[in-house]
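In: can you look at this prediction? I've put the sequence above it.
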Amino acid sequence: MAQRTFSIIKPDAVRKGHTGAILAEIEKAGFKIVSIKKAAISVEQAKGFYYVHKERPFFNDLCAFMSSGPLFLMVLEKDNAIADLRKLMGATNPANAEEGTIRKKFAGSIQENAIHGSDGEDTAAFEIGYWFAGCELI
Ligand code: CMP
């Protein structure tokens, strides 16, 4: 059954001009783009989004990075979207990402890793609701 997931093309990938190439990988893998918007988010918005990581040593740096420039917020849909997007993205640390994955191709470091994807159904529901109103999900 079709499932929705939430994704971000992160500021490093946008800065390097990889947005179009990443979107092409996503569409080629069979995802429908339900909604997409470019945004410049505040540190506070990033902290709310990544609140599950608030005790981690990288939390403040991560939130500063996510608010360092424009990014693209997206809702994607396909059968098994959550797991399939994570497979397409590759490991969090690009040094460990498989050949052919988005992070292997486009990520620079464990923090500046080009793309985010929800890690489960509950997370996807929270993340979609955090950035999108129901009327934007078409
Ligand atoms: P993401 O999939 O968006 O989920 C949390 C983010 O935190 C992750 O991608 C990375 O950008 C960042 N992150 C995870 N682990 C580390 C780490 N060890 N050091 C720095 N940043 C990290």
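Out: Here it is on my side, so go on.
In: what does the chain put close to the ligand?
Out: When proximity is defined as CB under 6 Å from any ligand atom, the chain approaches the ligand at His53, Phe58, Leu62, Thr92, Ile110, Gln111, Asn113, His116. No exception for glycine: its C-beta is placed from N, CA and C like everyone else's.
In: take those residues and keep only those in helices.
Out: Leu62 (DSSP state H).
In: of the residues of the chain next to the ligand, which is the most crowded?
Out: Using other CB atoms under 10 Å as the neighbour criterion, Asn113 leads those with 23 neighbours.
In: just the ones of the residues of the chain next to the ligand in strands?
Out: His116 (DSSP state E).
In: dump the residues of the chain next to the ligand into a markdown table; add distance to Gly134 and pLDDT as well.
Out: Formatted as a markdown table, the residues of the chain next to the ligand follow (distance: CB to CB, whole Å; pLDDT from 0 to 100):
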| residue | distance to Gly134 | pLDDT |
| --- | --- | --- |
| His53 | 27 | 98 |
| Phe58 | 32 | 98 |
| Leu62 | 28 | 98 |
| Thr92 | 30 | 98 |
| Ile110 | 34 | 98 |
| Gln111 | 32 | 98 |
| Asn113 | 30 | 98 |
| His116 | 21 | 98 |
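In: which one of the residues of the chain next to the ligand is nearest to Val43?
Out: Closest approach to Val43 among the residues of the chain next to the ligand (CB to CB): Leu62, at 10.2 Å.
In: my guess is that closest one meets Tyr51, correct?
Out: No. With contact defined as CB atoms under 8 Å, Leu62 does not reach Tyr51; the gap is 11.6 Å.
In: which SS state does Val75 fall under?
Out: Three-state call for Val75 (DSSP: H, G, I helix; E, B strand; the rest coil): strand.
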